[in-house]
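In: sequence isn't available, so here's the structure alone:
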């Protein structure tokens, strides 16, 4: 089985990379992009039967820094 | 006084830190990240700058979960002293030994230059040799030095006089111009600027050397 973990900076934490992408899109003529947030996706190959709780524990302990980041777990 | 300097794959300021500590009169032992215990009799642990584990995942994240950092945590829990510089500061925030986090610089650029710092408190073994409010010049060299913390954490840091250094001219977007913070017991300091790179008159200034000199004087008396 696989799990996909999405890690994003929390709302309210300035994302200068996302801002730079937004500016570039505007400069390329894509009007109307009012915000861009950049995050990351981790794909985990897991032993069958691994629970979502275990993956969430991985997020809390390593994959996300919960001071600044939020995460979402999708079991595939 | 005896110090341990931790070494991770990708550390590159470990030897500079050891030189600065030895110049100040300290015995220094280098300790590889896979070791599970600090050498006996260590008073202070230095977590050096660099790019531990290639900055993969997040700066300092993987180093913060290494065996030697478990030993560092026990040392700190026992009331031991520690200083984390640059990547070392990131390791200390990632491990939760210091509050907050270091984000990408607001200007998105890696910045390498000497900057003015204000000594925000002289109430620690690291800063007691400086006058509170005085200005010193210390180099920075980082891409992810933008200090951030929740508003209540920032308020607590200020209320408890735990901001050690602030930038004179904020180069990276840090909240409240913060360049370095102290732990609650004031025995752990994390800072982005590099005092070890301002510890030899042949290398453009010795403002950082006073930090190590005073630290060693204070800890030798204690």
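Out: Structure's in. What do you need? Being a predicted model, the structure only gives us computed values, none of them experimental. Numbers count the residues shown, from 1 in each chain, chains lettered A, B, ... in the order given.
In: check which helix or strand covers the nearest residue to residue B:112 once chain neighbours are set aside.
Out: Taking Cβ to Cβ, 6 or more residues apart in numbering or on different chains, and ignoring the residues beside it in sequence, residue B:112 has residue B:141 as its nearest neighbour in space, at 4.3 Å. All C-beta atoms are positioned from the backbone trio N, CA, C, and that covers glycine. Assigned by DSSP states H and E, residue B:141 belongs to strand B:135-142.
In: partners of that strand in the sheet?
Out: strand B:111-119 (antiparallel) (DSSP bridges).
In: can you pull the buried residues of the partner strand?
Out: The neighbour-count check on strand B:111-119 (16 or more other Cβ atoms under 10 Å in any protein chain shown) flags B:111, B:114, B:115, B:117, B:118, B:119 as buried.
In: flag every residue of chain B that's near chain A.
Out: B:57-58, B:61, B:65, B:93-94, B:99-101, B:103-108, B:146, B:148-150, B:173 (Cβ under 8 Å from any Cβ of the partner chain).
In: between the buried residues of strand B:111-119, which sits nearest chain A?
Out: Nearest to chain A, judged by Cβ to the nearest Cβ, of those is residue B:111 at 13.1 Å.
In: I'd say the closest one and residue B:105 touch.
Out: Yes. Using Cβ atoms under 8 Å, residue B:111 is in contact with residue B:105, at 6.3 Å.
In: which neighbours do the two share?
Out: B:142, B:143, B:145, B:171, B:172 (Cβ atoms under 8 Å, 6 or more residues apart in numbering or on different chains).
In: where in chain B is pLDDT low?
Out: B:222 (pLDDT under 70).
In: need the shared contacts of residue B:111 and residue B:105 in JSON lines (columns: neighbour count and distance to residue A:67).
Out: Output for the shared contacts of residue B:111 and residue B:105, formatted as JSON lines (neighbours: other Cβ atoms under 10 Å in any protein chain shown; distance: Cβ to Cβ, whole Å):
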{"residue": "B:142", "neighbour count": "23", "distance to residue A:67": "18"}
{"residue": "B:143", "neighbour count": "17", "distance to residue A:67": "19"}
{"residue": "B:145", "neighbour count": "28", "distance to residue A:67": "15"}
{"residue": "B:171", "neighbour count": "22", "distance to residue A:67": "22"}
{"residue": "B:172", "neighbour count": "25", "distance to residue A:67": "17"}
